[in-house]
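1. pasting the sequence and the predicted coordinates here, then a few questions.
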Protein chains: 2
Amino acid sequence: MPRGTTKLRLLSTAADLLHRQGYASTGLNQVLGEARAPRGSLYFHFPGGKEELMAEALSGAARGITELLERTLRDAPSAEVALYLIVDYFCDQLERSQFQKGCPVATVALEQSAVSDPLHAACSQAYTAWEALIAGRLVREGIARPRADELAGFILASIEGALILCRAHRSTAPLERVGGELRRLLTRKDDA
Amino acid sequence: MPRGTTKLRLLSTAADLLHRQGYASTGLNQVLGEARAPRGSLYFHFPGGKEELMAEALSGAARGITELLERTLRDAPSAEVALYLIVDYFCDQLERSQFQKGCPVATVALEQSAVSDPLHAACSQAYTAWEALIAGRLVREGIARPRADELAGFILASIEGALILCRAHRSTAPLERVGGELRRLLTRKDDA
């Protein structure tokens, strides 16, 4: 394996483990083992150790969702269809991962936001970016700016919460239900 | 200190640590130290060890929220006022804990639901109870049963998600915004 891929393997392995089990459960030995990377490579690529590796891995995973939202919110024929597709993506991921994978940011946000500044910053930036993308699409649908921002925050919160409920119940029903409510909300957006 | 209180001290210390930092970060030595309890007491009261102690502590913390919801949803003059009071309670708790305490169940639900059956059961039962209490109050407001259940799921998801966003941003603004949206939703409940 070429040496240049070690950093990428460390990041993608760390992101996958963070997503499934959170920060505290993810030990560096597990990351090194699953990435088949020598211990020395960790501090070579991430002098700040675990916190630096995990913050960069989390930001990378968050960018994956940002790109998904960008593409979906740009290309879908309406905000309702875009939300349907986003909900469908997460339902599929929950099922395929046996309910181990919901939002790649939420577990770390709950575990670490209050105690780690780099992880707090990575989580906060991700949520801010996602909310802005949703609000941008609502503006394109003709909703005035302050109202679009309010609705985007509500939409993001309800999807994030539904992803917790899905993992807690090991069922996609809470997210499907929230998807239905959001479509209902948006189809009467003139009075929203 | 009377011996009979050791179990209660273990449970309340474990619940507090679970709430702030989740399951994986909470070591038994930290629980024993903060509870000023001898190691032998742990396996005497909780033969199943960490998982059993934490599942019982989590259920106890969840019951605290269940009682808060029961009381508030029963006594408030309307569902809108009840939701306002619930949102206000969580905003206050977030601020007083410097954003270390949101929902006492969510962190563990994300970390452990997929891997621990006792913790999965404790989280799932808590969310089911809370949703049923919200739905019950909506029925009392005159909303027909299937619609009340749908709305209760949406309300619970949006509050849970807002609690994540508040911790990620270290701000109560996301929850205050969701509170406003929920009041808006309920005041036009005849067409909800």
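-> All right, it came through fine. Numbering: from 1, shown residues only, chains lettered A, B, ... in the order given.
2. can you show me the helices along chain A?
-> In chain order, chain A shows helices spanning A:6-21, A:28-35, A:39-45, A:50-75, A:79-96, A:106-112, A:117-140, A:145-169, A:173-187, with DSSP state H as the criterion.
3. chain B is nearest to which of these?
-> Between chain B and those, the tightest spacing by C-beta to the nearest C-beta is seen for helix A:145-169, at 3.1 Å. No exception for glycine: its C-beta is placed from N, CA and C like everyone else's.
4. average model confidence for the closest one?
-> The predicted model assigns helix A:145-169 a mean pLDDT of 97.
5. packing partners of that helix?
-> helix A:79-96, helix A:106-112, helix A:117-140, helix A:173-187, helix B:106-112, helix B:117-140, helix B:145-169, helix B:173-187 (3 or more C-beta pairs under 8 Å, 6 or more residues apart in numbering or on different chains; DSSP states H and E).
6. so for that helix, what gets flagged as buried?
-> A:148-169 (16 or more other C-beta atoms under 10 Å in any protein chain shown).
7. coming back round to it: out of the helices of chain A, which one sits most buried?
-> Across the helices of chain A, averaging neighbours per residue (mean count of other C-beta atoms under 10 Å in any protein chain shown) puts helix A:106-112 on top, at a mean of 29.
8. from the chain's centroid, how far away is it?
-> Average the C-alpha atoms of helix A:106-112, do the same for its chain, and the two points are 11 Å apart (C-alpha atoms, centre = their mean, to the nearest Å).
9. other residues contacting that helix?
-> Contacts made with helix A:106-112 from outside it, assessed by C-beta atoms under 8 Å, 6 or more residues apart in numbering or on different chains, are listed as A:18-19, A:21-24, A:54, A:58, A:119-120, A:122-123, A:127, A:160, A:163-164, B:21-22, B:24-25, B:102, B:106-107, B:110-111, B:164, B:167-168.
10. coming back round to it: between the helices and strands packed on helix A:145-169, which gets nearest to B:His45?
-> Across the helices and strands packed on helix A:145-169, the minimum distance to B:His45, taken as C-beta to C-beta, is reached by helix B:117-140, at 15.5 Å.
11. give me the helices and strands touching the closest one, please.
-> If you count contacts as 3+ C-beta pairs under 8 Å, 6+ apart, helix B:117-140 packs onto helix A:145-169, helix B:49-75, helix B:79-96, helix B:106-112, helix B:145-169.
12. report the angle between the first one and helix A:117-140.
-> Direction vectors for helix A:145-169 and helix A:117-140, defined by axes from the mean of the first three to the mean of the last three C-alpha atoms, to 10 degrees, enclose an angle of 120 degrees.
13. now the second one
-> In terms of direction (the same axes, to 10 degrees), helix B:49-75 departs from helix A:117-140 by 40 degrees.
14. what sits against A:Arg137?
-> A:Leu73, A:Arg74, A:Ala79, A:Ala82.
15. got phi/psi on the residue lying closest to the last one once chain neighbours are set aside?
-> Just to be clear, that refers to A:Ala82. With C-beta to C-beta, 6 or more residues apart in numbering or on different chains as the criterion, A:Ala82 has its nearest non-adjacent residue at 3.7 Å, and that residue is A:Ala76. With angles defined as degrees, to the nearest 10, A:Ala76 sits at phi -70, psi 150.
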